[in-house]
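Q: okay, sequence plus prediction incoming.
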Amino acid sequence: MLLQIAWRNIWRNKTRSFVVICSIIIGLWAGVFMLAFSWGMYKNNIDDTVFKQLSHIQIHHPSFKVENESKYTITNTNKILQQLKSNSIIASVSARVITTGMITSPTTASGVKIYGINPSMETTQIGLDENVRQGAYFKSGKNNEILIGEKLAKKLKIKVKSKVVLTFTDIESDMVSAAFRVGGLYKSKNISLDEINVYVQQHHLANLLGLEPTESNEIAILLTNEEQLDSIKKYSASLVSKGKAEDWKELSPELGMVIESFNMYTYIITGIILLALTFGIINTMLMSVLERVRELGMLMAIGLNKRKIFFMIMLETLYLTLLGCPIGLLLGWLSINFLGKHGINISMFSEGLASYGFSSIIYPSLDQEKYIIVAVMCFITALLAAVYPAYKALQLNPSEAIRKI
């Protein structure tokens, strides 16, 4: 009986009930969409960092990341690469020689991180060739060809085919200077890195540093299935006697923190939206109670106890939530599913986003777990919001309420 009475009560004032239901729908849609947009932005950033910069796993000499000196190398690189390539879980692998130094143009100079790469390997590893905007990707075949970022080229006031000089120290701590010719200009989604990273032929840089052809400073590994990250990390470490294998979360702790903190972010954003809905639900249910003072008094007078009155008010709130919550989540899911395939173009902010490593096209995405969290929080909030109006109903005196006009 209480179920029927509560259902009829919410449709006594259809406009008011409809407003509350719409508020719940819009609030939940906004909540899940905001979460999906934020996660889509962060996921883009994480994917770009992993697939275009770091790779899933990197192996270094234990002292290399501490001292940042090229003399700390991994030996027998070719043999290690062959062993890694034979593993079906590994999509691609590449070895790099790395040092830091200065790049000098006829007008100015700048500090850079110099990567000696195998150009063919990096096409599958980080897709470096896809970022070339001017010139070509190591097409000349010359040892002294260099690839630099557009932002760095603008800073140095140079262009394709300009001559630059790289200055750095070799493994004997002697100063080395070498002239290079700009073969191409690239532009990635992280402009801040474009101003720092330059790429040259691996064998040429190794020769200038005094390294053996089989030595490298870094081995980068890209996986076909990230679920196997831990096992491949252990396997990689076992292949290098003096090497330290690190996954992308260790290499870039801030990205790991983003993932770990997103659950908390989910609760905060959803909580703020539901807090606003709480006041709307309290106001609506309180008005409903105050309008039915005489009716509630009569129900009490004919024997409906306070416990049933309390549950009746709670049921009315629950019905409104049951109507609004699924629709709001469904609209959110449909919006996210559609925009997750087509993307949201925010290219008007591309320069600012690129400086922080974010893409100008966002693909909203949200795990099913987050929908469940939002739904549960919505029902808990609705029930808590109904407590005060239900409590006010219990304070009514039947004899006085019946005479209420």
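A: Cool, got the structure. All of these numbers come straight from a predicted model, not from anything done at the bench.
Q: I'd like the distance between the residue nearest to residue 225 when sequence neighbours are not counted and residue 346.
A: Closest residue in space to residue 225, ignoring its immediate chain neighbours: residue 89 at 6.0 Å, by C-beta to C-beta, 6 or more residues apart in numbering. In this view, the C-beta of every residue, glycine as well, is placed from N, C-alpha and C. When distance is defined by C-beta to C-beta, to the nearest Å, residue 89 is 35 Å away from residue 346.
Q: so what does the longest helix seen in the chain touch, helix or strand wise?
A: Of all segments of type helix in the chain, defined using DSSP state H, the longest is helix 253-291. Using 3 or more C-beta pairs under 8 Å, 6 or more residues apart in numbering; DSSP states H and E as the contact criterion, the secondary-structure elements in contact with helix 253-291 are helix 14-49, helix 248-251, helix 306-342, helix 368-394.
Q: tell me the mean pLDDT for whichever helix or strand comes after it?
A: Past helix 253-291, heading to the C-terminal end, the next element that is a helix or strand (DSSP states H and E) is helix 293-301. For helix 293-301, the mean per-residue pLDDT is 73.
Q: if you count neighbours, what's buried in the longest helix of the chain?
A: Of the residues in helix 253-291, those buried under the neighbour-count criterion (16 or more other C-beta atoms under 10 Å) are 255, 258, 262, 266, 269-270, 273-274, 277-278, 281-282, 284-286, 288-289.
Q: reformat the helices and strands packed on helix 253-291 as TSV; add mean neighbour count and distance to residue 232.
A: Output for the helices and strands packed on helix 253-291, formatted as TSV (neighbours: other C-beta atoms under 10 Å; distance: least, C-beta to C-beta, whole Å):
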stretch	mean neighbour count	distance to residue 232
helix 14-49	19	18
helix 248-251	18	12
helix 306-342	18	29
helix 368-394	17	26
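Q: out of those, flag the one nearest residue 162.
A: helix 14-49 (28.4 Å; C-beta to C-beta).
Q: after the closest one comes which helix or strand?
A: Where DSSP H and E defines the elements, the next helix or strand beyond helix 14-49 is strand 57-60.
Q: ok, and what's touching that next one?
A: Identification of contacts with strand 57-60 by C-beta atoms under 8 Å, 6 or more residues apart in numbering yields 72, 74, 217-221, 223, 229, 232-233, 236-237, 240, 243-248, 251.
Q: can I get the CA coordinates of that strand in CSV?
A: The C-alpha coordinates for strand 57-60 follow below in CSV (Å, rounded to 0.1, in the frame of the first residue of the first chain):
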residue,chain,number,x,y,z
ILE,A,57,59.7,0.0,-20.6
GLN,A,58,63.1,1.5,-20.7
ILE,A,59,66.4,-0.1,-19.7
HIS,A,60,69.4,1.9,-18.6
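Q: next helix or strand past that strand?
A: The element immediately downstream of strand 57-60 (helix or strand, assigned by DSSP H and E) is helix 64-67.
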